[in-house]
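Participant: need a 3D model of the sequence below.
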Amino acid sequence: MPIAFLSTLLHLYLAWRLLPAWSGWPVMTVALAAVLAASALVMPLAMWSRRLRSPRRAMVLAWAGFTFLGLFSSLLVLTLLRDVVLAFAALAATVLAMPLDTLSLRSGQAATLGAVAATLWGLWNARRTAAVVDVEVPIAGLPPSLHGFTIAQISDIHVGPTIRGDYLQAIVDAVNRLGADVVAVTGDLVDGGVQDLAAHVAPLAALRSRHGTFFVTGNHEYYSGAAAWIAELRRLGVQVLLNEHVLLRQGDATVVLAGVTDHGAHHFDPAQRSDPQAAVAGAPPDAAVRVLLAHQPRSAEEAERAGFQLQLSGHTHGGQFWPWNHFVRLQQPYTAGLHRLRGLWIYVSRGTGYWGPPKRFGAPSEITQLRLVPGGQR
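Facilitator: Numbers count the residues shown, from 1 in each chain. The predicted structure is shown next:
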């Protein structure tokens, strides 16, 4: 009820601020009023869509609610920005005796159309199969047998209310075309329980690479029953790394590939506290490269102290859509791309799927192909 009440208030604010801008366009006025009314009603209901007995009805309600949520977010942000501009313009008009009617009219129309355009573009961008992003990571003293060693990283797919098996299958096909040495899945694979989503996650069993597929938990696995998902992924042939490592031998060189549980896993299971030191314990000191899979970028400080040279993370979605990309850095040290922390490289994926609204605007999804190359400093 509090969510529904807040949703109603905010939608009434949008109606109050935007409908007058379309007073000369009756059709647009009615259409915008209908959209705002539907959004206010359906958006809160989508949060309870999983409780419906009919899977089809639950999916339709989730699609409608999350799509409206994406539109509502852009409408609210643009309307608030418009009101700030109008406030300053009103002050200037008082001083300079300038008319405000035209600015108020045009800015209201621009905010509405801008939000619709961003939502439609974001929907297309979210639903397309993620593009491959090539990244070279220079490693000092890299043995010749590891020159060009490739890791295909996918992250934050969020199989759930609007992402199903066909979406994941397209990602798997794209990854397999890369012919990578390793496939890394850096968490937040699912939004829902094994009993509901096992069939939609099954395509992961078809991932192919020289050394196999490795997975670390994200925060959403713990919301969805981490223990059951760990068992299911292992059944599919995916190796789950829980504060542990494996040794990958290629030619005369060894790669230590480690994985930690999500940075906040201990809030759900004290036994699964994220621990990069434990993940690398017992690894040969003469290994050529040490790579850590860690869902959240903020594991980087501990990873650097543990002696890793490369950390692969996700979690941020790159902000997913504007303007939230500017706020991610308040919670995480890195938002997207390749970064350096003393002796550690950190790569943060923008994610291969999306969460909540089917919308990506200014932060496209990605399948990352990371290639180790010689160079850099120890």
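Participant: helices and strands around the longest helix anywhere in the chain, which ones?
Facilitator: Secondary structure of the chain per DSSP state H: the longest helix is helix 55-96. Counting contacts by 3 or more Cβ pairs under 8 Å, 6 or more residues apart in numbering; DSSP states H and E, helix 55-96 is packed against helix 2-18, helix 26-46, helix 101-127. All C-beta spots, glycine's among them, are computed from the backbone N, C-alpha and C.
Participant: packing partners for the last one?
Facilitator: Put plainly, it is helix 101-127. For helix 101-127, the elements it packs on are helix 2-18, helix 55-96, judged by 3+ Cβ pairs under 8 Å, 6+ apart.
Participant: and that helix, which residues are buried?
Facilitator: For helix 101-127, burial by neighbour count (16 or more other Cβ atoms under 10 Å) applies to 103-104, 107-109, 111-112, 114-115, 118-119, 122-123, 125-127.
Participant: what ranges do the strands span in the stretch 151-300 of the chain?
Facilitator: 182-185, 213-215, 239-240, 244-250, 253-259, 289-293 (DSSP state E, counting those that start in this stretch).
Participant: show me the shaky parts of the stretch 1-150 of the chain.
Facilitator: 1, 49-50, 52-53, 95-98 (pLDDT under 70).
Participant: so for residue 246, which of the helices and strands packed on helix 101-127 sits nearest?
Facilitator: With Cβ to Cβ, the closest approach to residue 246 among these belongs to helix 55-96: 37.0 Å.
Participant: that older thread, any idea how far the longest helix of the chain is from the chain center?
Facilitator: Centroid separation for helix 55-96 versus its chain: 22 Å, with Cα atoms, centre = their mean, to the nearest Å.
Participant: tell me what angle that helix forms with helix 2-18.
Facilitator: Calculated by axes from the mean of the first three to the mean of the last three Cα atoms, to 10 degrees, helix 55-96 forms an angle of 40 degrees with helix 2-18.
Participant: state the distance from the spatially most central residue of the chain to residue 348.
Facilitator: Nearest to the geometric centre of the chain sits residue 317, at 2.9 Å (Cα atoms, centre = their mean). Look at residue 317 and residue 348: by Cβ to Cβ, to the nearest Å, they are 10 Å apart.
Participant: same check, this time on residue 19
Facilitator: Remark: distance between residue 19 and residue 348 (Cβ to Cβ) = 41 Å.
Participant: okay, those two: which has more neighbours?
Facilitator: Set residue 19 next to residue 348 and count neighbours by other Cβ atoms under 10 Å: residue 348 wins out with 28 against 17.
Participant: quick one, what contacts the more buried one?
Facilitator: 297, 313, 314, 315, 316, 318, 332, 334, 335, 336, 337, 339 (Cβ atoms under 8 Å, 6 or more residues apart in numbering).
Participant: in JSON lines, list the residues you listed along with pLDDT.
Facilitator: Shown next, in JSON lines, are the contacts of residue 348 (pLDDT from 0 to 100):
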{"residue": "297", "pLDDT": "96"}
{"residue": "313", "pLDDT": "97"}
{"residue": "314", "pLDDT": "96"}
{"residue": "315", "pLDDT": "95"}
{"residue": "316", "pLDDT": "95"}
{"residue": "318", "pLDDT": "93"}
{"residue": "332", "pLDDT": "90"}
{"residue": "334", "pLDDT": "93"}
{"residue": "335", "pLDDT": "92"}
{"residue": "336", "pLDDT": "94"}
{"residue": "337", "pLDDT": "95"}
{"residue": "339", "pLDDT": "96"}
